[in-house]
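Visitor: Here is my input, please return the structure:
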Amino acid sequence: MVSNPHYSELIMLSFLPGFILLPLSIAFVILNTALVSFLIGIQALLKLLIPIAVINHYLTRGCNFIMYGWLCGNALMLRLVNKVEWEVHDTTNLNKKGWHMVICNHQSWADIVLLGDIFRNRLPTPKFFLKHDLLYVPFVGLACWGLDMPFMRRYSRQQLLKNPELRGKDVTTAREACAKFRTIPTTVINFVEGSRFTPEKKIETKSPYAHLLTPKPAGLAMAMNVLGEQFEKIVNVTLAYPENTGRPFHDMLSGRLTRVQVWIEEIPVTAVQRGDYIKDKPFKRGFQQWLTGVWQRKDQLLAEKR
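Guide: Alright, predicted model coming up:
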């Protein structure tokens, strides 16, 4: 277990009852997100109006700087209202000058706050693979677009059978988005399961894992194909809330988040992760087998530590 000053706590409001902390936290998060979205939205509009590569490059850097402020604001909220016991197992040697792919299990909206807090001073500004519906959220959607975040549609098997032309659409989206990351050091965060884990979703999707949903490899594979040579490593993160398994995000806003477990490891980028997922069938099978192995170890880790 690694002890790091970055994970130290600033406890000022955690003594207040949850019914007071919850509205205060919600108001803080809304104001922080609204301000950052407004500032990034202005620069996003400039990117639309002035489609010049050199100018857009500097506008993107400006958006990234503002995004860093959002991460800091969330981290402040986390520390102000929660007395968290951190258990961090970290064997990595990360830096802010390169390109990194972060893969993580997804249990709660709290995951985004925690990952931002953990990596904001260790990795470049993170970009998330987002559900396409978020594009239409006022201000937030425009801000995420300005940050060049990829918006992914999730098509059901029935939709793909009715509309075969939709097959591979997410892959194309991932390719186009990741191509924009070539010029500025970037951290791409991919919640490979595509949705937050719940017992109901586990049953509905027939996931073979006890604590995870089945990973969706296509978007990750395409990102690795586009930027594989630039990604220095894959950062595999496993998050757990052993004392807040029901509603971690609600508990965090209410000052009731008590314990967080984090495991961080580096996975070397090799030929196993770089290839044409659409056209190269042997590579596709190998990539799926590799990701399945990562998820099996992650599931076993969660089972052992709970």
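Visitor: now the helices for the stretch 51-200 of the chain?
Guide: With helices called from DSSP state H, counting those that start in this stretch, the stretch 51-200 of the chain shows them at 53-81, 110-119, 140-146, 157-162, 169-179, 199-205.
Visitor: low-confidence ranges in the stretch 201-306 of the chain?
Guide: Within the stretch 201-306 of the chain, the stretches falling below the threshold (pLDDT under 70) are 306.
Visitor: mind listing the strands for it?
Guide: Assigned by DSSP state E, counting those that start in this stretch, the stretch 201-306 of the chain shows strands spanning 231-240, 259-267.
Visitor: Parallel or antiparallel, list what pairs with the first one.
Guide: In the sheet, strand 231-240 lines up against strand 99-104 (parallel), strand 259-267 (antiparallel) (DSSP bridges).
Visitor: The first one vs helix 110-119, what angle?
Guide: It stands for strand 99-104. In terms of direction (axes from the mean of the first three to the mean of the last three CA atoms, to 10 degrees), strand 99-104 departs from helix 110-119 by 140 degrees.
Visitor: residues in contact with strand 99-104?
Guide: If you take CB atoms under 8 Å, 6 or more residues apart in numbering as the criterion, strand 99-104 is touched by 94, 111, 115, 119, 123-124, 126, 181, 185-192, 220, 223-224, 227, 230-239, 269, 294. Quick note: C-beta positions are derived from backbone N, CA and C, even for glycine.
Visitor: repeat for stretch 130-143
Guide: 33-34, 36-38, 40-41, 44-45, 63, 144-145, 149-154.
Visitor: can we see that at 10 Å?
Guide: By CB atoms under 10 Å, 6 or more residues apart in numbering, the residues outside stretch 130-143 that reach it are 33-45, 48, 63, 66-67, 70, 128, 144-145, 147, 149-154, 169-170, 173, 177, 191, 194-195.
Visitor: Could you identify the buried members of those residues?
Guide: Among the contacts of stretch 130-143, those buried by neighbour count (16 or more other CB atoms under 10 Å) are 33, 36-37, 39-44, 63, 66-67, 70, 128, 144-145, 147, 149-152, 169-170, 173, 177, 191, 194.
Visitor: doesn't Asn74 make contact with Asn82?
Guide: No: assessed by CB atoms under 10 Å, Asn82 is found out of contact with Asn74, at 11.9 Å.
Visitor: Mutual contacts of these two, please.
Guide: Common neighbours of Asn82 and Asn74 (CB under 10 Å, 6+ apart) are Met252.
Visitor: Nearest to Ala303, out of the helices of the stretch 51-200 of the chain?
Guide: Nearest of the helices of the stretch 51-200 of the chain to Ala303, taken as CB to CB: helix 199-205 at 13.5 Å.
Visitor: so what's Arg297 up against?
Guide: By CB under 10 Å, 6+ apart, Arg297 lies in contact with 236, 238, 265.
Visitor: For the residues you listed, pick the one with the most neighbours.
Guide: Thr238 (22 neighbours; other CB atoms under 10 Å).
Visitor: Quickly list what that residue is bridged to.
Guide: Applying DSSP bridges to Thr238 gives these bridge partners: Trp263.
Visitor: Return the distance of it relative to Ala218.
Guide: Distance of Thr238 to Ala218, computed by CB to CB, to the nearest Å: 22 Å.
Visitor: Then Asn190?
Guide: 11 Å.
Visitor: more neighbours, these two?
Guide: The neighbour comparison of Asn190 against Ala218 (other CB under 10 Å) goes to Asn190, with 24 against 21.
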